[in-house]
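>>> Generate a structure from the sequence data that follows.
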Amino acid sequence: MSAKSGPTESVAPAAPTAGQHVVDTPGGEAAAPRRLGLALAVIASAQLMVVLDATIVNVALPHIQDALHFSGTNLEWVVNAYTLAFGGLLLLGGRSGDLLGRRRVFIFGIALFALASLAGGFAQTQPELLIARVIQGIGGAFAAPTSLSLIAVNFPEGKARNRAMGVYAGVSISGAAIGLIAGGLLTSYADWRWVFFVNVPIGLILVLLAPRVIGESDRVHGKFDLPGAITGTLGLVALVYGLSSAATTANGVSHWGDTKVIASLVAAVVLLTAFAFIEARSRHALVPPRVLKSRDRTGAYLISLCIGTAIFGMFFFMTIFVQTVWGYSPVRSGIAYLPMVGAILLGAASSSQLVARIGARPLITGGPLVAAVGLFWLSRISEHSSYTGGLLGPMMLVGLGMGLTFVPLSLVALAKVPNKDTGVASSLLNTGQQVGGSIGLAILGTVAWSAVASSTKSALAAAHGAHLSPAAQLAVTNHALAYGFGRGYLVAAMISVLAVIIAFAMIRVTKEDMAGIDPMAAPV
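Here you go, the predicted model:
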């Protein structure tokens, strides 16, 4: 299957009006002026809809379980079905945008996501919902990488692109928290089905607006690398599945030695090794080796992996903690994240202004360091902590650190990437976060639940077999959760420090380099 190069859709030129810019297409011709603010709203809304889906559904899981009679084990697949399809197909989605046109693939992904959301909302059986979740993940995998690369296509380098990256970064990082807030409100005041239905009108509006406000990219010569697509997709699916299934569960039982986990991780190693060999020799590689030759770009992908590992686990365990130990309702637990969302947006807005003045390296180094301090502070939380004293401060630091990091990280990942590889470069950034999230839940889950089980066992042993009152049992459980989750946050802080070390060792891009970044230009 091939996609030949051809001209972009032509539009009669017009003089720019107030608030508009003329954007040069990769081919050098001036495209019609676009309302860049509206274009950014479309791209950012699509990205937000895709990234918040995992957490908005998490809040509704108990209601979904009751309505469709899921068992505890099968209920995990409501989340995993989306995660596997999304993480496994991101690379293929990015490459499809390069070959077929990014706006075209972006619209296809959003439309598919919205239709699958409609089907999920109307699902009456478990298979119907799980199939809808898989299709949602496929739609997200095609929409997410093209949304980032469309910023490079539609926004001129400099302030306009930096600001656009700031907005994109804000919604990307805060999407998980926003999903918790929206999920709590919808499940409490409407119905669990609305966590799916809410995507339908948003998706319809985006599909209608996108052709009018977003410019199309040039289609490049090439073919789909089917052997690479098959081995890469299956390898990522096996890796995400193995890691998702490996985490120690709440009863303290480790699943790292389970046959399905070992088989999945071995298969992932074999398939991804085969993928690497195929890509090194393919003329139409899904991930061209030239994309990874840049030390800065590879460093950005590794830092993205660390961010996903640290942050996804934090959201997961904090939601359990505030609802189980502090007794927060879903709505209250979602609202508790609002200051963090504000800190993320503040950090993203600040970094989009600072990156042109001080360069990317100080921000990519300092952001994860600030987040590491917040995560270490969070590891000191106890069942007796207050929201103001134990959670608010750490969340603000973590949010600020992540907000400062993501804008320069995105710019470095797209720096000096030729037009034909922009989709791949952006999809690798998304893949790093997605796989990092699975790694985070597996590693932090193993540490946290093992510590919870150990603390509970020690408390029961100290009681010397005496019968504990319900109040005493609750105190033991709450202390164990606080202790175990604290150990998990400590590991998350160490992973954030690892991101700082990677930034020191690999990021060498200078302020002057950032001032002249043009993702549409071929690398020297």
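
>>> CA atoms for contacts and neighbours, from now on please.
OK.

>>> Please determine how far the residue nearest to residue 478 when sequence neighbours are not counted is located from residue 386.
With Cα to Cα, 6 or more residues apart in numbering as the measure, residue 325 is the residue that lies nearest to residue 478, at 5.5 Å, once sequence neighbours are left out. To residue 386, residue 325 is 11 Å away according to Cα to Cα, to the nearest Å.

>>> more crowded one of the two?
It is residue 325, of residue 325 and residue 386, that has more neighbours when counted by other Cα atoms under 10 Å, with 18 against 12.

>>> Does that one touch residue 383 like I think?
Yes. Residue 325 lies in contact with residue 383 (Cα atoms under 8 Å); the separation is 6.4 Å.

>>> Mind listing the shared neighbours of the two?
Any residue near both residue 325 and residue 383 by Cα atoms under 8 Å, 6 or more residues apart in numbering counts here, and that gives residue 478.

>>> per-residue pLDDT, residue 250?
Per-residue confidence for residue 250 comes out at a pLDDT of 67.

>>> Residue 513 now?
Among the per-residue scores, residue 513 holds a pLDDT of 62.

>>> Which residues are in contact with residue 102?
Applying Cα under 8 Å, 6+ apart, one finds that residue 102 lies in contact with 96, 146-147, 149-150, 216-217, 423.

>>> Lowest-confidence entry in these?
Per-residue pLDDT puts residue 217 lowest of these, at 65.

>>> Just the CA trace of stretch 131-141, in CSV.
C-alpha atoms of stretch 131-141 as CSV (Å, rounded to 0.1, in the frame of the first residue of the first chain):
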residue,chain,number,x,y,z
ILE,A,131,-14.9,-3.9,21.4
ALA,A,132,-15.9,-0.2,21.6
ARG,A,133,-12.9,0.5,23.8
VAL,A,134,-10.5,-1.2,21.4
ILE,A,135,-11.9,0.9,18.5
GLN,A,136,-11.6,4.0,20.7
GLY,A,137,-7.9,3.2,21.2
ILE,A,138,-7.4,2.8,17.5
GLY,A,139,-8.9,6.2,16.9
GLY,A,140,-6.8,7.8,19.5
ALA,A,141,-3.6,6.2,18.1
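
>>> Report the mean confidence score over it.
Stretch 131-141 carries an average pLDDT of 93.

>>> With stretch 292-302 instead?
For stretch 292-302, mean pLDDT is 89.

>>> Name the residues of that stretch that are buried.
Burial within stretch 292-302, assessed by neighbour count using 16 or more other Cα atoms under 10 Å, is assigned to 292, 294, 296-302.

>>> Farthest pair within the residues you listed?
294 and 302 (12.5 Å; Cα to Cα).

>>> Residue 382 in helix, strand or coil?
Going by DSSP: H, G, I helix; E, B strand; the rest coil, the secondary structure assigned to residue 382 is coil.

>>> Let's verify the closest residue to it other than its chain neighbours: helix, strand, or coil?
On the basis of Cα to Cα, 6+ apart, the spatially nearest residue to residue 382 that is not a chain neighbour turns out to be residue 482, at 5.1 Å. For residue 482, the secondary-structure state derived from three-state DSSP is helix.

>>> Including secondary structure and distance to residue 436, could the contacts of residue 102 go into TSV?
Compiled in TSV, these are given as follows (DSSP: H, G, I helix; E, B strand; the rest coil; distance: Cα to Cα, whole Å):
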residue	secondary structure	distance to residue 436
96	helix	23
146	helix	20
147	helix	20
149	helix	21
150	helix	24
216	coil	31
217	coil	29
423	helix	20
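
>>> Tell me the buried residues within those residues.
In the contacts of residue 102, burial by neighbour count holds for 96, 146-147, 149-150, 216-217, 423, counting by 16+ other Cα under 10 Å.

>>> where's the residue nearest to residue 478 relative to residue 447, distance?
Taken as Cα to Cα, the span from residue 325 to residue 447 is 19 Å.

>>> do the same with residue 52
Here the criterion is Cα to Cα. By it, residue 52 lies 26 Å from residue 447.

>>> swap in residue 427?
Applying Cα to Cα, one obtains 30 Å for the distance of residue 427 from residue 447.

>>> So which of those two has more stuff around it?
The residue with more neighbours, out of residue 427 and residue 447 and counting by other Cα under 10 Å, is residue 427; that gives 29 against 23.

>>> Wait, the more buried one touches residue 94, no?
Yes. Under the contact definition of Cα under 8 Å, residue 427 touches residue 94, with a separation of 5.2 Å.

>>> Give me the common contacts of the two.
By the contact definition Cα under 8 Å, 6+ apart, residue 427 and residue 94 are jointly contacted by 145-146.

>>> so how many other residues sit close to residue 105?
The number of residues near residue 105, taken as other Cα under 10 Å, comes to 24.

>>> so who does it touch?
Going by Cα under 8 Å, 6+ apart, the list of residues near residue 105 reads 93, 96-97, 142-143, 146.

>>> what would these look like in CSV with distance to residue 117?
Formatted as CSV, the entries for these read as follows, by distance: Cα to Cα, whole Å:
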residue, distance to residue 117
93, 19
96, 22
97, 22
142, 15
143, 14
146, 20
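
>>> rewinding a little: can I get the buried residues of stretch 292-302 in JSON lines with secondary structure?
As requested, the buried residues of stretch 292-302 are exported to JSON lines (three-state DSSP):
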{"residue": "292", "secondary structure": "helix"}
{"residue": "294", "secondary structure": "coil"}
{"residue": "296", "secondary structure": "helix"}
{"residue": "297", "secondary structure": "helix"}
{"residue": "298", "secondary structure": "helix"}
{"residue": "299", "secondary structure": "helix"}
{"residue": "300", "secondary structure": "helix"}
{"residue": "301", "secondary structure": "helix"}
{"residue": "302", "secondary structure": "helix"}
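
>>> my read: residue 509 touches residue 361, true?
Yes. At 6.6 Å, residue 509 counts as touching residue 361 under the criterion of Cα under 8 Å.

>>> Compare neighbour counts for the two and give me the winner.
residue 361 (24 against 16).

>>> list the contacts for that one?
Residues near residue 361 by Cα under 8 Å, 6+ apart: 408, 503, 507-510.

>>> Could you provide those in TSV, with additional columns for secondary structure and pLDDT?
Rendered in TSV, the data for the contacts of residue 361 read as follows (DSSP: H, G, I helix; E, B strand; the rest coil; pLDDT from 0 to 100):
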residue	secondary structure	pLDDT
408	helix	89
503	helix	93
507	coil	89
508	coil	84
509	coil	80
510	coil	73
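
>>> Need these in JSON lines (columns: distance to residue 209).
Converted to JSON lines, the contacts of residue 361 look like this (distance: Cα to Cα, whole Å):
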{"residue": "408", "distance to residue 209": "28"}
{"residue": "503", "distance to residue 209": "38"}
{"residue": "507", "distance to residue 209": "38"}
{"residue": "508", "distance to residue 209": "39"}
{"residue": "509", "distance to residue 209": "36"}
{"residue": "510", "distance to residue 209": "37"}
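
>>> could you flag which of those residues are buried?
If you count burial by 16+ other Cα under 10 Å, the buried members of those come out as 408, 503, 507, 509.

>>> Go through those and name the one nearest residue 133.
Taking Cα to Cα as the measure, residue 408 is the one of these closest to residue 133, at 32.1 Å.

>>> mind checking how far that closest one is from residue 357?
Shown here: residue 408 relative to residue 357, a distance of 12 Å by Cα to Cα.

>>> Quick check: residue 40 touching residue 162?
No. With contacts defined as Cα under 8 Å, residue 40 does not count as touching residue 162, sitting 11.9 Å away.

>>> Neighbour count: those two, which is higher?
When neighbours are counted by other Cα under 10 Å, residue 40 and residue 162 differ, and residue 162 comes out ahead with 26 against 23.

>>> ok, now which ones touch the more buried one?
352-353, 355, 407, 411.

>>> returning to what we had before: which residues touch the residue nearest to residue 478?
Contacts of residue 325 were listed using Cα under 8 Å, 6+ apart, and they are 383, 478, 481.

>>> And the pLDDT at it?
Per-residue confidence (pLDDT) for residue 325: 90.
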